[in-house]
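Novice: Build me a structure from this.
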Amino acid sequence: MQVLAVVPVQRLEQAKSRLAPALEPAARQALVRELAERTIRILRSVPAVAVIGLLTPDPSLASLASRWGVRTLRDAAHGLNDAVRLAQAEACRLHLPALLIVLGDLPLLDPHAIRHALALLESPGVVLAPDRHGTGTNLLALAPPDVIAPAFGPFSRWRHRRAAAGARCTIRELWSRALVLDLDTPEDLALVHRVREGER
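Specialist: Now for the predicted structure:
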């Protein structure tokens, strides 16, 4: 199943504000760019990903997207759910059977996790990867692209599950080490360092 894969990224000056106790603004912005580029490289290595879009209101990131060889879907900074609705419309316009949303702050992401998520996807269906707290959503795959409305935010895991039940479509959850950890707080940053140290 061919998909449009999108990576949502906030404006650089607003991104990762909760990391302020650990990182200066320039370091936070560099981290956001690095993670976004890494996510795009991983998506490009997955054959089922037909088109990649960077979902951002930030003009500087849009220019980087061009250099990275991906299209920019400019959202109006009204929030992640509005941005994902834009991506849903784009996937339908491209006549692609599925949409994949991968948050751009997953430092342990790998191609196998993406392939696994897409292998689980049926149509009509939803695949979601929860965060390490079991309440959020770090990856969401939808077939068809508009099978449910996006419900990112607090307790999005449960809201996405309810939406899938309401749509009477298959829902599968993927608990993956590569997908559970997103970088939001200094504690997350410390955990990533511990995981990487343990791999050496």
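Novice: Okay, now the unreliable bits of this protein?
Specialist: 75-77, 198-200 (pLDDT under 70).
Novice: Skipping adjacent residues, who's closest to Ala91 in space?
Specialist: Once flanking residues are discounted, Ala91 sits nearest to Pro145: 3.7 Å by C-beta to C-beta, 6 or more residues apart in numbering. Every residue, glycine included, has its C-beta placed from N, CA and C.
Novice: wait, what's in contact with that neighbour?
Specialist: 4, 87-88, 91-92, 96-99 (C-beta atoms under 8 Å, 6 or more residues apart in numbering).
Novice: quick check, nearest of those to Arg71?
Specialist: Taking C-beta to C-beta as the measure, Arg71 sits nearest to Leu4 out of those, at 9.4 Å.
Novice: Assign a three-state SS to that closest one, would you?
Specialist: strand (DSSP: H, G, I helix; E, B strand; the rest coil).
Novice: Could you do Ser60 as well?
Specialist: Under the three-state scheme (three-state DSSP), Ser60 adopts helix.
Novice: now Arg157: how far from Gln88?
Specialist: 19 Å (C-beta to C-beta, to the nearest Å).
Novice: Number of residues surrounding Asp131?
Specialist: 20 (other C-beta atoms under 10 Å).
Novice: Can you verify my assumption that it contacts Thr137?
Specialist: Yes. Applying C-beta atoms under 8 Å, one finds Asp131 in contact with Thr137, separated by 7.1 Å.
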